[in-house]
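Participant: coords please:
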Amino acid sequence: MRSIQLLVCLIILATFSGCSSADVKLPYLGEPEMARKVVDGKQVEEQVYPTIPDFSFTNQYGETVTQKDVSGKIYVADFFFVTCPTICPIMKKNLLNVYKMYKDNPDIRILSHTIDPDHDTPAVLKQYAQDMGVTGKMWQFVTGDREKIYDIGENHYLVTAGKDSTAPGGYMHSGAFVLIDKEKHIRGMYDGTTVDGTQKLIRDINVLRKEYE
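Facilitator: Below is the predicted model of the structure:
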């Protein structure tokens with residue numbers, strides 16, 4: 001059911017992609033639930049979309065990163081591992097363009113989660129970031145408890161993230177970039193292995209920014 005809902009949302013997003021940022025708002029992704037609330041003294045039902053839950057990971061500087069660090073921010077999340085022999089180098093090259101575009105914007109963040117925490121220690125992640133020319137805390141590479149990373153990836157960011165002995169490098173993960181709004185809702189998913197997907201992410205970040213003006 002979740003996959004059907006996601007597909008419908010992506011189709012809606014694609015349908016309106018030709019509109020200007022002033023004409024359309026991004027959809028909410030994920031399986032909504034009905035919630036009751038009181039409006040003008042009357043009980044009404046409304047759809048409530050899932051949000052990214054609280055988390056606690058460690059970044060490339062050895063610092064704890066929690067939901068508070070992206071509170072009130074628009075951010076992009078993805079999953080990778082340093083020794084990935086397949087799509088990760090392409091994804092990081094594409095995401096580097098996003099970083100360069102928004103690195104001086106205090107309202108935009110990038111959060112990359114390693115799915116190989118045994119190897120990808122903070123020191124390894126710091127060297128990885130330095131090799132890419134990434135400085136500061138706009139783009140944070142995080143590690144932590146393996147099961148918590150897998151859980152937040154698959155059950156909340158709606159991507160594949162986990163060990164797979166049959167996959168190149170021993171891990172299977174999605175090539176998606178996930179766009180999160182300031183209220184922790186997923187507002188878009190993009191093919192991080194393509195230039196077109198990355199450009200659409202950049203366009204939709206700007207659309208989302210308009211919602212807060």
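Participant: For the rest of this, base every contact and every neighbour count on C-alpha atoms.
Facilitator: Will do.
Participant: Next, the residues that contact stretch 94-102 from outside, please.
Facilitator: Among residues not part of stretch 94-102, those counted as contacts by CA atoms under 8 Å, 6 or more residues apart in numbering are Ile108, Ile110, Met132, Met138, Trp139, Gly192, Thr193, Thr194, Val195, Thr198, Ile202.
Participant: hmm, 10 Å instead?
Facilitator: Contacts with stretch 94-102, where a contact means CA atoms under 10 Å, 6 or more residues apart in numbering, come from 76, 78, 88-90, 92-93, 103, 105, 108-110, 112, 132-134, 138-139, 177, 192-199, 201-202, 205.
Participant: ok, and for it, which residues are buried?
Facilitator: Within stretch 94-102, the residues that qualify as buried are Asn94, Leu95, Leu96, Val98, Tyr99, Tyr102, counting by 16 or more other CA atoms under 10 Å.
Participant: which among the contacts of stretch 94-102 end up buried?
Facilitator: Buried residues within the contacts of stretch 94-102, defined by neighbour count using 16+ other CA under 10 Å: 76, 78, 88-89, 92, 103, 108-110, 112, 134, 138-139, 177, 192-193, 195, 197-199, 201-202, 205.
Participant: Next, give phi and psi for Glu45.
Facilitator: phi -110, psi 140 (degrees, to the nearest 10).
Participant: With Tyr157 as the reference, measure out to it.
Facilitator: Relative to Tyr157, Glu45 is positioned 25 Å away (CA to CA, to the nearest Å).
Participant: neighbour count winner among these two?
Facilitator: Tyr157 (28 against 12; other CA atoms under 10 Å).
Participant: Any chance you could give me stretch 67-79 in PDB, C-alpha atoms only?
Facilitator: Taking Å, rounded to 0.1, in the frame of the first residue of the first chain, the C-alpha atoms of stretch 67-79 are listed here in PDB:
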ATOM      1  CA  GLN A  67      16.500  16.100  15.000                       C
ATOM      2  CA  LYS A  68      17.200  19.400  16.600                       C
ATOM      3  CA  ASP A  69      20.100  20.100  14.200                       C
ATOM      4  CA  VAL A  70      17.600  20.100  11.300                       C
ATOM      5  CA  SER A  71      14.700  21.600  13.100                       C
ATOM      6  CA  GLY A  72      13.300  24.500  11.100                       C
ATOM      7  CA  LYS A  73      15.400  23.400   8.100                       C
ATOM      8  CA  ILE A  74      14.700  22.000   4.700                       C
ATOM      9  CA  TYR A  75      17.100  19.100   4.200                       C
ATOM     10  CA  VAL A  76      18.100  16.300   1.800                       C
ATOM     11  CA  ALA A  77      18.700  12.800   3.200                       C
ATOM     12  CA  ASP A  78      20.400   9.900   1.500                       C
ATOM     13  CA  PHE A  79      22.100   6.600   2.300                       C
END
